[in-house]
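Participant: sequence and predicted structure, then a few things I'm wondering about:
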Amino acid sequence: MTSAADARAAAHRRVQQHAVDRPEVAGAFLTGSVTALAPDAELPATSDVDVVVVLRNGPAVPAKPGKLRCDGVLLEVTELPWSEVADPAVVARTHYLAPSFAGDHVLADPTGHLARLRTEIAPSFAAPEAVQARCEDVLIRMVTRSAALDPAAPWHEQVLTWLFPATLPTQVPLVAALRPPTVRRRFVAAREVLAEHGQLELYGSLVDLVDAGGRDGSAVQHHLDQLEPVLDQVASVARTPFPFSADLTPDARPVTVQGSRELVAAGDHREAVFWVVATWGRCLTVLTTDAPSLVVSRAAQRFREVTADLLGVSTPAALAARRDAALALVPAVRAAGERIIDVRQVRAQARPEVGRSG
């Protein structure tokens, strides 16, 4: 068993050994699900540990080192330009950055700036207005990114352009409940929070946006099985770097494939559709760039079968309609986040009373 404390220690060692001596490195910190785990909690075998390395003089869009193993722990390393963390007010309202500075998640801080971020963000992290700002950050990103859908683009690009923004509303319940945002398990995590707060009717609307094909677990498993040889093809031909390239490597299989298999086995096949389709689409992106045309043609046909079967969409018009349905849910998602914030506040205020009465 690898505990969360072991995983954090491995990340710290990696940063100390390979990052802090680089003159361009301004700091490093943990993000993602590991920040919410108790030190003695087990790190799931299908999870990686997200490490962000801040570059003081790097490009506006730095390279992504990707996944690597350190002492048996799979790390996902992302580089971030200094500009992304320069302003504490901006970091405080950015839903995927602020949780890293609500607790002790800094791995290296040669400039002292990350400690200042924690000093400014942590005290008001749970304040209703701060949480609402982060929920709104999610919805603004969803609306903005949804506008990029281009019906003239290749089909896999259209699907990916729609898919990630359309599933962003799952992050609002997590942000409202002070849970860190997550990627692959976003639907499962959102369902847990919404169930806890009596709002499962909204969850049904969210998952319907993606899994409208009405297929059962065996269909999802079938397309997941068909994905593995495509991942092998990608590994053999990939030359061009993409931000998601590390997710398609053999080292990522425990997360990319086995994690999805576990969802299907647990009866969460609807929740698995998102990552199965996302991985298929990303494979097409790599193959289209680096593989022979015949390989691309075959894979593209298979991807159309995947989207028709699992998503229930096969045309740009159908995809645009699904996008519009997601945008129409924004008011309901915003209201759900506000209710979760209100409930959390009531519970937080009641705890001292419970303590005194005992």
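Facilitator: Thanks, I have the structure now.

Participant: hang on, residue 19 packs against residue 25?
Facilitator: Yes: with contact taken as Cβ atoms under 8 Å, residue 19 and residue 25 are classed as touching, separated by 4.9 Å. C-beta: built from backbone N, CA, C; applies to glycine.

Participant: need the residues touching each of the two.
Facilitator: Overlap between the contact sets of residue 19 and residue 25, as judged by Cβ atoms under 8 Å, 6 or more residues apart in numbering, is given by 53, 108.

Participant: just how off-centre is stretch 323-336 within its chain?
Facilitator: Here the centre of mass of C-alpha atoms in stretch 323-336, compared against the chain's by Cα atoms, centre = their mean, to the nearest Å, lies 19 Å away.

Participant: any idea of the mean pLDDT for that stretch?
Facilitator: Averaging the model's pLDDT scores along stretch 323-336 yields 96.

Participant: buried set for stretch 159-179?
Facilitator: Within stretch 159-179, the residues that count as buried by 16 or more other Cβ atoms under 10 Å are 159-179.

Participant: take those residues and keep only those in helices.
Facilitator: 159-167, 171-176 (DSSP state H).

Participant: which one of these sits closest to residue 206?
Facilitator: Each of these was scored against residue 206 by Cβ to Cβ, and residue 167 proved nearest at 7.9 Å.

Participant: would you check that that closest one makes contact with residue 189?
Facilitator: No: taking Cβ under 8 Å as the contact criterion, residue 167 and residue 189 are not neighbours in contact, 11.5 Å apart.

Participant: who are the neighbours in contact with the closest residue to residue 146 other than its chain neighbours?
Facilitator: The spatially closest residue to residue 146, leaving aside those adjacent along the chain, is residue 165, at 4.4 Å (Cβ to Cβ, 6 or more residues apart in numbering). Under the criterion of Cβ under 8 Å, 6+ apart, the contact list for residue 165 reads 141, 142, 143, 145, 146, 323, 326.

Participant: from the residues you listed, keep the buried residues only.
Facilitator: 141, 142, 146, 323, 326.

Participant: after the strand ranked longest in the chain, which helix or strand is next? Please name it.
Facilitator: Among all segments of the chain classified by DSSP state E, the strand with the greatest residue count is strand 73-81. The C-terminal neighbour of strand 73-81 among helices and strands, as given by DSSP states H and E, is helix 88-92.

Participant: other SSEs contacting that following helix?
Facilitator: Under the contact criterion of 3 or more Cβ pairs under 8 Å, 6 or more residues apart in numbering; DSSP states H and E, helix 88-92 touches helix 113-121.

Participant: what comes up buried for the helix it packs on?
Facilitator: Buried residues in helix 113-121 (16+ other Cβ under 10 Å): 113, 114, 117, 118, 121.

Participant: so who does the fourth one touch?
Facilitator: So the one you mean is residue 118. Applying Cβ under 8 Å, 6+ apart as the definition, the contact partners of residue 118 turn out to be 101, 102, 104, 106.

Participant: which one is the third one nearest to, not counting chain neighbours?
Facilitator: I take that to be residue 104. Using Cβ to Cβ, 6+ apart, the nearest residue to residue 104 is residue 118, at 7.9 Å.
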